[in-house]
Each structure stands twice: as structure tokens, then as C-alpha cells.
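Chemist: Next come a sequence and a model predicted from it.
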Amino acid sequence: MRRRLILLFVFSLILGGILSSARTGRGAGITTVILVRHAERNTDLDDGDLTEAGKKRAEVLLHTLKNARITAIYTSQFLRTKRTVEPLAKWLGLGTTPIKMIRDETKPNNISPESIEEVHRAIQKHRGETILIAGHSNTIPEIMKRLGVKDPPQIGSDDFDDLFVVATGDWPKLIHLHYGEGK
């Protein structure tokens, strides 16, 4: 618990600095992209809803990010990503925008480059803002690569607590945090 509080404090300081720079114009070109994988889901269905643990994680995400000055939320087309950000979106009074993630078995992480480009185009609409993207274990690393992160972390099939913050710009910065209960 103490470790989580320390990580949350560090995250708040870093994000606060980024947002402060953006407000004063020193970092006006910096877009802050927060990326999370969907929370735990019912695996009985291909597009299953969140489990009770997943619903709790979605509430933790709300409390973790409610003061992050998020201006837009994007999800994949799947119910599990929408449900993961739903409490936060309601709290912020924001809608969510789905982006269709198309599988392509011949590409890295089985995701089509066109899908990643569509996400990148959406991010470009929010220059200087902070946005949240809820995706999947295969899409999040590809989005980070497209943002210029070299060697993004891979997400395991049973990892649901990763929270990535990418500050874009000439030298993209990645902060890898965790929220809620881990494995």
C-alpha cells in the first residue's frame, strides 16, 4: 500500500510538471497520452464484460486519474475497454470515442498498421492536451512505438495493472506505473 502511494505521488508530481509546462507555453507542443489495458474481463465470451475485479479496477482508475486533466478518452471497439474507462468518463463528463482495432495476423502483435495510424491521427487532434487510451496487451505497445517510444514494455496476458504515461515531443518520455492490485 505504501509503495502504491509513493508511486501515485511521484506520478502526480511528474504529470503536474508536464501540465504546468503546457499551461505556461513552455511545453505547448507536448501531448500527454495515458495508456491502460482493459481491466479483468469475463473470458467466457469473446467480448465479455468486466469481472468484479475488473469493475473494482475501473473504480481505482477513476480515483487515480480524475485530476489528470484528461480532455478526451479513446477505447477500442470492445466492451471491456469501454467499461474500464466508464466510471472516469462519467466523473469527467466526457464521452468515449471508439477506434476499431483490426487484427492482422501477419503484423507485429497481430494488429493492423492502419489501426495504429488511426489512433495516432486521433492523438494529433489533441496537441498540448492530456488524453486517455484504453486498449489491449497487443495494441498498447504498438501505440507507444508509434509515439516514438523505443522498446516499449510488453504486457503479459494476465497483467491488468499497467498504466503508461507518454509525454510526446522531440524526445518522447515514458513513465510506467501500476494501479490497483497486481498479480
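Modeler: That came through, no problem.
Chemist: From A53, how far out is the nearest residue to T64 once chain neighbours are set aside?
Modeler: Counting by CB to CB, 6 or more residues apart in numbering, Y179 is the residue found nearest to T64 once chain neighbours are left out, at 4.7 Å. The way it works is simple: take the backbone N, C-alpha and C, and place the C-beta from them, glycine included. Per CB to CB, to the nearest Å, Y179 is found 13 Å from A53.
Chemist: One more: G95?
Modeler: 26 Å.
Chemist: Comparing the two, which shows the higher neighbour count?
Modeler: A53 (14 against 9; other CB atoms under 10 Å).
Chemist: Can you give me every residue that contacts that one?
Modeler: Under the criterion of CB atoms under 8 Å, 6 or more residues apart in numbering, the contact partners of A53 comprise A39, E40, E181.
Chemist: at 6 Å instead, please
Modeler: E40 (CB atoms under 6 Å, 6 or more residues apart in numbering).
Chemist: right, and the helix or strand after the helix or strand bottoming out on mean pLDDT in the chain?
Modeler: The weakest-scoring helix or strand in the chain, judged by mean pLDDT, DSSP states H and E, is helix 2-24 (a mean of 52). Note on helix 2-24: by DSSP states H and E, the next helix or strand toward the C-terminus is strand 32-37.
Chemist: What pairs with that next one, parallel or antiparallel?
Modeler: Within its sheet, and counting by DSSP bridges, strand 32-37 is paired with strand 130-135 (parallel), strand 162-167 (antiparallel).
Chemist: what about the last one, distance to the chain center?
Modeler: Think strand 162-167. For strand 162-167, the separation from the chain centroid amounts to 7 Å (computed by CA atoms, centre = their mean, to the nearest Å).
Chemist: what angle sits between the helix or strand just after that strand and strand 162-167?
Modeler: Sequence-wise, the next helix or strand downstream of strand 162-167 (DSSP H and E) is strand 173-178. Relative orientation of strand 173-178 versus strand 162-167 (axes from the mean of the first three to the mean of the last three CA atoms, to 10 degrees): 160 degrees.
Chemist: How many residues are close by the residue nearest to T31 when sequence neighbours are not counted?
Modeler: The shortest distance from T31 to any non-neighbouring residue, by CB to CB, 6+ apart, is to T168 (4.6 Å). T168: 19 surrounding residues under other CB under 10 Å.
Chemist: quick one: pLDDT of T168?
Modeler: Per-residue confidence at T168 stands at 91 (pLDDT).
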